[in-house]
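S.K.: predicted model and sequence below, questions to follow.
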Amino acid sequence: MSRIGRMPITVPAGVEVTVAEGNVVTVKGPKGTLTKQLHPTMMIEQEGNTIHVKRPDETKESKSLHGLTRTLLNNMITGVHEVYKKELEINGVGYRAAKEGSNLVMNLGYSHQVIVPEIEGISIEVPSANRIVISGCDKQMVGQFAAEVREKRPPEPYKGKGIKYVDEVIRRKVGKTGAKK
(Lines give C-alpha, C1' and ligand atoms only; values in the text may rest on other atoms or scores of the structure.)
Protein backbone atom coordinates (compact mmCIF):
# COMPACT_ATOMS: atom_id res chain seq x y z
CA MET A 1 0.00 0.00 0.00
CA SER A 2 1.02 3.57 -0.62
CA ARG A 3 2.09 5.17 2.65
CA ILE A 4 0.70 8.53 1.57
CA GLY A 5 -2.39 7.09 -0.11
CA ARG A 6 -3.63 5.16 2.91
CA MET A 7 -3.37 8.12 5.30
CA PRO A 8 -6.80 9.55 6.15
CA ILE A 9 -7.58 13.19 5.35
CA THR A 10 -9.15 15.14 8.20
CA VAL A 11 -11.56 17.82 7.05
CA PRO A 12 -11.28 20.91 9.31
CA ALA A 13 -14.33 22.73 10.65
CA GLY A 14 -15.83 25.17 8.16
CA VAL A 15 -14.74 23.16 5.10
CA GLU A 16 -17.31 21.25 3.06
CA VAL A 17 -16.28 18.47 0.64
CA THR A 18 -18.67 17.00 -1.95
CA VAL A 19 -17.79 14.17 -4.34
CA ALA A 20 -19.96 14.04 -7.48
CA GLU A 21 -20.26 11.47 -10.29
CA GLY A 22 -16.92 10.69 -11.98
CA ASN A 23 -14.86 11.87 -8.95
CA VAL A 24 -15.54 15.57 -9.48
CA VAL A 25 -14.58 16.95 -6.07
CA THR A 26 -15.79 20.36 -4.88
CA VAL A 27 -14.24 21.83 -1.73
CA LYS A 28 -15.79 24.93 -0.13
CA GLY A 29 -14.10 26.79 2.68
CA PRO A 30 -13.64 30.23 4.22
CA LYS A 31 -10.90 31.23 1.73
CA GLY A 32 -12.68 30.09 -1.47
CA THR A 33 -14.02 27.19 -3.53
CA LEU A 34 -12.04 24.67 -5.60
CA THR A 35 -13.35 22.07 -8.04
CA LYS A 36 -11.20 19.36 -9.58
CA GLN A 37 -11.77 16.23 -11.65
CA LEU A 38 -9.78 13.45 -9.98
CA HIS A 39 -9.06 10.11 -11.66
CA PRO A 40 -12.36 8.22 -12.05
CA THR A 41 -11.04 4.80 -10.98
CA MET A 42 -9.99 5.95 -7.51
CA MET A 43 -12.55 5.42 -4.75
CA ILE A 44 -13.08 8.39 -2.45
CA GLU A 45 -14.99 7.49 0.72
CA GLN A 46 -16.21 10.14 3.14
CA GLU A 47 -17.08 9.22 6.73
CA GLY A 48 -17.99 12.23 8.87
CA ASN A 49 -15.00 14.56 8.86
CA THR A 50 -12.47 12.04 7.49
CA ILE A 51 -11.87 11.03 3.88
CA HIS A 52 -10.18 7.84 2.71
CA VAL A 53 -8.83 7.29 -0.82
CA LYS A 54 -8.77 3.65 -1.92
CA ARG A 55 -7.55 2.04 -5.11
CA PRO A 56 -9.58 -0.52 -7.09
CA ASP A 57 -6.78 -3.01 -7.83
CA GLU A 58 -3.04 -3.58 -7.53
CA THR A 59 -1.99 -2.50 -11.04
CA LYS A 60 0.99 -0.18 -11.44
CA GLU A 61 -1.24 2.68 -12.64
CA SER A 62 -3.57 2.37 -9.64
CA LYS A 63 -0.64 2.28 -7.23
CA SER A 64 0.84 5.46 -8.69
CA LEU A 65 -2.53 7.27 -8.76
CA HIS A 66 -3.34 6.33 -5.15
CA GLY A 67 -0.93 8.71 -3.43
CA LEU A 68 -1.40 11.39 -6.10
CA THR A 69 -5.18 11.48 -5.66
CA ARG A 70 -4.90 11.71 -1.88
CA THR A 71 -2.31 14.50 -2.09
CA LEU A 72 -4.34 16.54 -4.60
CA LEU A 73 -7.43 16.24 -2.39
CA ASN A 74 -5.47 17.18 0.73
CA ASN A 75 -3.96 20.22 -1.04
CA MET A 76 -7.45 21.39 -2.05
CA ILE A 77 -8.72 21.10 1.53
CA THR A 78 -5.65 22.89 2.94
CA GLY A 79 -5.93 25.64 0.31
CA VAL A 80 -9.52 26.62 1.11
CA HIS A 81 -8.81 26.51 4.85
CA GLU A 82 -5.52 28.46 4.84
CA VAL A 83 -4.13 30.00 1.64
CA TYR A 84 -0.83 29.03 0.01
CA LYS A 85 1.85 31.73 -0.24
CA LYS A 86 5.02 32.19 -2.24
CA GLU A 87 7.36 35.05 -1.40
CA LEU A 88 9.70 36.51 -4.00
CA GLU A 89 12.61 38.86 -3.41
CA ILE A 90 14.07 41.32 -5.93
CA ASN A 91 17.81 42.02 -5.77
CA GLY A 92 19.65 44.60 -7.85
CA VAL A 93 20.32 48.33 -8.04
CA GLY A 94 17.18 50.09 -9.26
CA TYR A 95 15.16 46.85 -9.32
CA ARG A 96 11.80 47.34 -7.63
CA ALA A 97 8.15 46.32 -7.74
CA ALA A 98 4.90 48.17 -7.14
CA LYS A 99 1.21 47.33 -7.33
CA GLU A 100 -0.86 49.61 -9.56
CA GLY A 101 -4.53 48.64 -9.52
CA SER A 102 -4.59 44.90 -10.17
CA ASN A 103 -1.24 44.88 -12.03
CA LEU A 104 2.22 44.12 -10.72
CA VAL A 105 4.63 46.69 -12.22
CA MET A 106 8.34 45.89 -11.98
CA ASN A 107 11.50 47.79 -12.94
CA LEU A 108 14.04 45.07 -13.68
CA GLY A 109 16.82 46.83 -15.53
CA TYR A 110 15.16 46.64 -18.93
CA SER A 111 14.39 49.73 -21.02
CA HIS A 112 10.71 49.23 -20.19
CA GLN A 113 8.64 48.31 -17.17
CA VAL A 114 7.49 44.71 -16.85
CA ILE A 115 3.74 44.55 -16.16
CA VAL A 116 2.13 41.32 -14.92
CA PRO A 117 -1.68 41.34 -14.57
CA GLU A 118 -3.26 39.67 -11.56
CA ILE A 119 -5.22 36.55 -12.53
CA GLU A 120 -8.41 35.19 -10.99
CA GLY A 121 -7.76 33.13 -7.86
CA ILE A 122 -4.37 34.75 -7.20
CA SER A 123 -3.70 37.84 -5.10
CA ILE A 124 -0.48 39.85 -5.27
CA GLU A 125 0.85 41.95 -2.40
CA VAL A 126 3.92 44.19 -2.45
CA PRO A 127 4.82 44.90 1.21
CA SER A 128 8.08 46.62 0.21
CA ALA A 129 9.77 47.68 -3.03
CA ASN A 130 11.86 44.52 -3.20
CA ARG A 131 9.39 41.89 -1.92
CA ILE A 132 6.39 40.28 -3.63
CA VAL A 133 3.90 37.96 -1.90
CA ILE A 134 1.72 35.77 -4.13
CA SER A 135 -1.15 33.91 -2.44
CA GLY A 136 -4.18 31.84 -3.38
CA CYS A 137 -6.22 28.70 -2.69
CA ASP A 138 -4.86 26.51 -5.51
CA LYS A 139 -1.32 25.33 -4.74
CA GLN A 140 -0.52 24.60 -8.38
CA MET A 141 -1.72 28.02 -9.60
CA VAL A 142 0.26 29.88 -6.90
CA GLY A 143 3.46 28.00 -7.76
CA GLN A 144 2.97 28.45 -11.50
CA PHE A 145 2.27 32.19 -11.21
CA ALA A 146 5.28 32.69 -8.91
CA ALA A 147 7.48 30.84 -11.41
CA GLU A 148 6.19 33.05 -14.25
CA VAL A 149 6.99 36.22 -12.26
CA ARG A 150 10.46 34.87 -11.38
CA GLU A 151 11.02 34.07 -15.06
CA LYS A 152 10.85 37.80 -15.96
CA ARG A 153 14.39 38.23 -14.54
CA PRO A 154 15.84 35.04 -13.02
CA PRO A 155 18.78 35.52 -10.64
CA GLU A 156 22.19 35.49 -12.27
CA PRO A 157 25.10 33.66 -10.61
CA TYR A 158 27.73 36.44 -10.62
CA LYS A 159 26.10 39.27 -8.65
CA GLY A 160 22.85 37.57 -7.65
CA LYS A 161 20.71 40.21 -9.36
CA GLY A 162 17.16 39.25 -10.33
CA ILE A 163 14.00 37.80 -8.81
CA LYS A 164 14.39 34.83 -6.48
CA TYR A 165 12.29 32.96 -3.94
CA VAL A 166 12.94 34.11 -0.35
CA ASP A 167 14.20 30.67 0.72
CA GLU A 168 16.17 30.05 -2.51
CA VAL A 169 19.96 29.93 -2.35
CA ILE A 170 21.80 31.25 -5.39
CA ARG A 171 25.10 29.48 -6.10
CA ARG A 172 27.57 32.25 -6.83
CA LYS A 173 30.36 32.05 -9.35
CA VAL A 174 33.72 33.79 -9.23
CA GLY A 175 34.06 36.50 -11.86
CA LYS A 176 36.89 37.10 -14.26
CA THR A 177 40.33 37.78 -12.90
CA GLY A 178 42.37 40.32 -14.84
CA ALA A 179 45.18 39.08 -17.09
CA LYS A 180 48.54 39.62 -15.40
CA LYS A 181 51.58 40.21 -17.56
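M.R.: Looks like it came in fine. Residues are numbered from 1 along each chain as shown.

S.K.: the chain: strands as residue ranges?
M.R.: 9-10, 16-20, 24-29, 32-37, 43-47, 50-54, 84-91, 96-100, 103-107, 114-117, 122-128, 131-136, 162-165 (DSSP state E).

S.K.: give me the contacts around the longest one.
M.R.: Put plainly, it is strand 84-91. Strand 84-91 has contacts (C-beta atoms under 8 Å, 6 or more residues apart in numbering) with 78, 96-97, 106, 108, 129-139, 142-143, 145-146, 149-150, 155, 160-166. (Glycine included, C-beta is placed from N, CA and C.)

S.K.: next: the second one.
M.R.: Strand 16-20 has contacts (C-beta under 8 Å, 6+ apart) with 11, 25-29, 44, 46, 51, 77.

S.K.: ok, and the closest non-adjacent residue to G14?
M.R.: P30 (5.4 Å; C-beta to C-beta, 6 or more residues apart in numbering).

S.K.: what angle separates the top helix by length along the chain from strand 43-47?
M.R.: Among the segments of the chain that qualify as a helix by DSSP state H, the longest is helix 60-81. Angle of helix 60-81 versus strand 43-47, following axes from the mean of the first three to the mean of the last three C-alpha atoms, to 10 degrees, is 40 degrees.

S.K.: so, low pLDDT: which residues of this structure?
M.R.: 1, 179-181 (pLDDT under 70).

S.K.: okay, now the residue lying closest to E82 once chain neighbours are set aside: neighbour count?
M.R.: Setting aside the residues directly before and after it, E82 is nearest to K31 in space (C-beta to C-beta, 6+ apart), at 7.0 Å. By other C-beta atoms under 10 Å, the residues close to K31 number 18.

S.K.: next one: G109
M.R.: So G109, with other C-beta under 10 Å, has 13 neighbours.

S.K.: which phi and psi does it have?
M.R.: Dihedral pair for G109: phi 90, psi 0, per degrees, to the nearest 10.

S.K.: tell me how far the residue nearest the centre of the chain lies from Y84.
M.R.: The centroid of the chain falls nearest to G143 when counting by C-alpha atoms, centre = their mean (2.8 Å). Distance, G143 to Y84, by C-beta to C-beta, to the nearest Å: 8 Å.

S.K.: just checking, the residue nearest to G14 touches P12?
M.R.: No - if you go by C-beta atoms under 8 Å, P30 and P12 don't touch, sitting 9.7 Å apart.
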